[in-house]
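[1] kindly generate the corresponding structure for this input.
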Amino acid sequence: MSEPKNIEELNNKIQLLEIKIKHLTNELRLTREEYETSVRNYFNIYSNMEKRVEERTLNLKKLYKILKIKNQQLQIILDSSSGMIFYKDAKQRYIRVNKKFSKTLEVPIAEIIGKSYVELFPKNTSYLLEDDSEVIQKGEPILNRTEYIETSKGKRQILIDKIPYKDIDGKVIGIIGFALDVTDLKKEEKEKRDLEEKLVRSEKMEAIGLLAGGVAHDLNNVLTGIVSYPELLLMQLPEDSPLRESILTIQNSGQRAAAIVQDLLTLARRGVAISDVVNLNDIISDYLRSPEYEKLNRYHPNVKFEIDPEPNLLNILGSPIHLSKTLMNLVSNAAEALPDGGKVTISTRNQYVDLPIKGYDRVEEGEYVILSISDNGIGISAEDLEKIFELFYTKKVMGRSGTGLGMAVVWGTVKDHKGYIDVHSKVGEGTVFELYFPVTRKEAAGEKIHISIEKYMGNGEKILVVDDVPEQRKIASEFFTRLGYAVNVVSNGEEAVEYMKVYSADLLVLDMIMDPGIDGLETYRRILELHPGQKAIIVSGFSETERVKEAQRLGAGTYVKKPYILEKIGLAVRTELE
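    Numbers count the residues shown, from 1 in each chain. Take a look at the predicted model:
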């Protein structure tokens, strides 16, 4: 700026400067106000942003906490499942699994996550990987596929379902799988089927037994005359009578027929008395000295019989006759299974079963004596094995090898002895039959001695015979008359009660089963009202029943099984009268 030339110019310049200063001051003031406003605005914006960040941080923390809880809840749900559940990503790597999955595969969860199936099980390559690709690419589920894996428990059968794992937009990002170890279920199903088959088989045998029992009961009544009359006739004939041989033939035939009836009764589970203390080693020894065993040896000269008895074998409660017949049937079958020769082994042993044995029968826990008959013969097919105990089922030549009752009798005898049967057989290798009989701690009785007829003769005591079968009444009457008793007979329980209202008897001989009308128990119960303390014995073609035992609790004495044998019925009557 040039210097002023006079005072006036100076003043003008001063005024201009003052104006400029004023403008600058105003501008400065405005700029400062704007700055302060801007600062305040920026501060407000910052404060708002800070609050928003803080709020968002809090919201994120809340969301994270919620997600964490939801994740934990999901894992709890997954872990509570009895099946295996797994998630895979698009590269088929496991991203989540439940505890059941880890436990079944026997791999810790931490070692599963991030790995593929092939990395976990390099030896178990399968179509499962192709399934994974198909699910991911097509987005369609694959259900009911089966895979087998090897674990420390052995080979496991796994049933698997796979469905697409999608994101919020519906894009397939992996797989969700559901798997179930069905190995034990399959075993349980098989066991259930086996039990059902055994039940059906048992019910079939029971039904056959009921039929056989009904037939046997009627045959017993018919056979009584054939078995009993020859004994009476032989007592009256001289030793040199030419009729003795014919009568003995009739008697022997009747006894053989009676033995078949006993087989039928065994099937009916109503013909076996198991009250004797028996040692199976004695049964085997007696059989080896029998004519049946000698005959078997002659028929099968190339068969070697090996005996392996337990030295300190425990006793069982049983019927020696039926046990002997069971042994004979099984040994005969074993020999028949060796057409070209071989070995049959008969052995016994003591065994305690602490856990049930799931064989042909389910052998329950307990102490047993086991009778084992084994051979190295032709064996039995699985189809035949299911039928071998059925009535008249046989592969043998009828008329030469048997009646078809043999194995059915074995079944009935074992069941009557409260025992079990286990059978193992393989075609071309042989068969093993093992019979389990419950142990008894009772001691065996001494050998029975034949008693002279004079020991059980009567002295004119009065006997009332009550029986619904005329032949039975006649035979009983002749037996008791021959033994020196005064005999009266009636045909049913009602007649017996009416008779006892007028007369008396020293002893009642009561048939237990009478049809129609009241049975032996009800007859005895009514007669006791008329004659308290009345003596009686019970007779029947069946084995001892609960009604027989009830009659004995009321006061009846010995139970005698038909057909009548003079010594047996004579001793029973004499014992009760004395």
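[2] helix or strand right after the host helix or strand of Glu150?
    Using DSSP states H and E, Glu150 falls within strand 142-151. For strand 142-151, the following helix or strand on the C-terminal side (DSSP H and E) is strand 154-166.
[3] rewinding a little: list the buried ones in the strand holding Glu150?
    Residues of strand 142-151 classed as buried by neighbour count (16 or more other CB atoms under 10 Å): 142, 145, 147, 149. From N, CA and C alone the C-beta is placed, and that goes for glycine too.
[4] those residues: which two are farthest apart?
    The most widely separated members of these, counting by CB to CB, are Ile142 and Ile149 (17.8 Å).
[5] on that earlier part again, what strands flank the strand holding Glu150, and is each parallel or antiparallel?
    strand 154-166 (antiparallel) (DSSP bridges).
[6] after the strand it pairs with comes which helix or strand?
    Past strand 154-166, the next helix or strand by DSSP H and E is strand 172-181.
[7] neighbouring strands - and their directions - for that next one?
    Using DSSP bridges, strand 172-181 pairs in its sheet with strand 84-89 (antiparallel), strand 154-166 (antiparallel).
[8] just name the most buried of those strands.
    Mean neighbours per residue, mean count of other CB atoms under 10 Å, is largest over those for strand 84-89, with a mean of 20.
[9] neighbouring contacts of that strand?
    Residues from elsewhere that reach strand 84-89, judged by CB atoms under 8 Å, 6 or more residues apart in numbering: 78, 94-98, 100-101, 104, 132, 158, 165, 173-181.
[10] can you give me the strands for the stretch 301-450 of the chain?
    303-308, 315-318, 342-353, 357-358, 362-363, 366-375, 420-426, 430-440 (DSSP state E, counting those that start in this stretch).
[11] list the buried ones in the longest one?
    Neighbour-count burial for strand 342-353, counted by 16+ other CB under 10 Å, picks out 342, 344-349, 351.
[12] okay if I get those as JSON lines plus pLDDT?
    Listed next are the buried residues of strand 342-353 as JSON lines, based on pLDDT from 0 to 100:
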{"residue": "Gly342", "pLDDT": "91"}
{"residue": "Val344", "pLDDT": "93"}
{"residue": "Thr345", "pLDDT": "94"}
{"residue": "Ile346", "pLDDT": "95"}
{"residue": "Ser347", "pLDDT": "94"}
{"residue": "Thr348", "pLDDT": "94"}
{"residue": "Arg349", "pLDDT": "90"}
{"residue": "Gln351", "pLDDT": "84"}
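[13] looking at the residues you listed, which is nearest Glu443?
    Minimum distance to Glu443 across the buried residues of strand 342-353 is 18.1 Å, recorded for Thr348 (CB to CB).
[14] who are the neighbours in contact with the closest one?
    By CB under 8 Å, 6+ apart, the neighbours of Thr348 are 280-281, 284, 308-310, 313, 369-372.
[15] JSON lines for these, including neighbour count and distance to Lys568?
    Shown next, in JSON lines, are those (neighbours: other CB atoms under 10 Å; distance: CB to CB, whole Å):
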{"residue": "Leu280", "neighbour count": "26", "distance to Lys568": "25"}
{"residue": "Asn281", "neighbour count": "18", "distance to Lys568": "27"}
{"residue": "Ile284", "neighbour count": "21", "distance to Lys568": "27"}
{"residue": "Asp308", "neighbour count": "11", "distance to Lys568": "37"}
{"residue": "Pro309", "neighbour count": "17", "distance to Lys568": "32"}
{"residue": "Glu310", "neighbour count": "15", "distance to Lys568": "33"}
{"residue": "Leu313", "neighbour count": "19", "distance to Lys568": "30"}
{"residue": "Val369", "neighbour count": "25", "distance to Lys568": "28"}
{"residue": "Ile370", "neighbour count": "21", "distance to Lys568": "33"}
{"residue": "Leu371", "neighbour count": "27", "distance to Lys568": "28"}
{"residue": "Ser372", "neighbour count": "16", "distance to Lys568": "34"}
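[16] got the domain ranges for this protein?
    1-76, 81-181, 272-440, 453-577 (automatic domain parsing).
[17] can I get the ones you listed in a markdown table including distance to Asp240?
    Below are these laid out as a markdown table (distance: least, CB to CB, whole Å):
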| stretch | distance to Asp240 |
| --- | --- |
| domain 1-76 | 101 |
| domain 81-181 | 79 |
| domain 272-440 | 27 |
| domain 453-577 | 21 |
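[18] out of the ones you listed, flag the one nearest Ile247.
    domain 453-577 (14.8 Å).
[19] average pLDDT for the closest one?
    For domain 453-577, mean pLDDT rounds to 87.
[20] swap in stretch 414-421?
    Per-residue pLDDT values across stretch 414-421 average out to 87.
[21] how about it as PDB, C-alpha atoms only?
    This file holds the C-alpha atoms of stretch 414-421, laid out as PDB (Å, rounded to 0.1, in the frame of the first residue of the first chain):
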ATOM      1  CA  VAL A 414     -37.900-135.100  29.300                       C
ATOM      2  CA  LYS A 415     -40.700-132.600  29.700                       C
ATOM      3  CA  ASP A 416     -42.300-134.800  32.400                       C
ATOM      4  CA  HIS A 417     -39.000-134.900  34.200                       C
ATOM      5  CA  LYS A 418     -39.000-131.000  34.100                       C
ATOM      6  CA  GLY A 419     -35.900-131.200  31.900                       C
ATOM      7  CA  TYR A 420     -34.700-129.700  28.700                       C
ATOM      8  CA  ILE A 421     -33.400-130.900  25.300                       C
END
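[22] by contact count, what packs against the helix or strand that contains Glu54?
    Per DSSP H and E, Glu54 falls inside helix 7-79. For helix 7-79, the elements it packs on are helix 99-105, judged by 3 or more CB pairs under 8 Å, 6 or more residues apart in numbering; DSSP states H and E.
[23] which residues touch the helix it packs on?
    By CB under 8 Å, 6+ apart, helix 99-105 touches 78-79, 81-86, 108-109, 112, 120, 149, 151, 156, 158, 179, 181.
[24] same question, stretch 374-387
    So stretch 374-387 is contacted by 197, 201, 334-335, 337-339, 342-345, 347, 360, 388, 393, 395, 423, 425-433 (CB under 8 Å, 6+ apart).
[25] filter those to the buried ones?
    Applying 16+ other CB under 10 Å to the contacts of stretch 374-387 flags 201, 334-335, 337-338, 342, 344-345, 347, 360, 388, 423, 425, 430-433 as buried.
[26] can you get me a residue count around Leu355?
    For Leu355, the neighbour count with other CB atoms under 10 Å is 8.
[27] and it, how far is that from Asp422?
    Look at Leu355 and Asp422: by CB to CB, to the nearest Å, they are 14 Å apart.
[28] which residues touch Glu522?
    For Glu522, the contact set (CB under 8 Å, 6+ apart) comprises Gly493.
[29] mind checking the SS state of it?
    Judged by DSSP: H, G, I helix; E, B strand; the rest coil, the three-state class of Glu522 is helix.
[30] what about the closest residue to Lys325 other than its chain neighbours, neighbour count?
    Excluding the flanking residues, the one nearest Lys325 by CB to CB, 6 or more residues apart in numbering is Val409, at 6.4 Å. Here the count is done by other CB under 10 Å, and Val409 has 26 residues near it.
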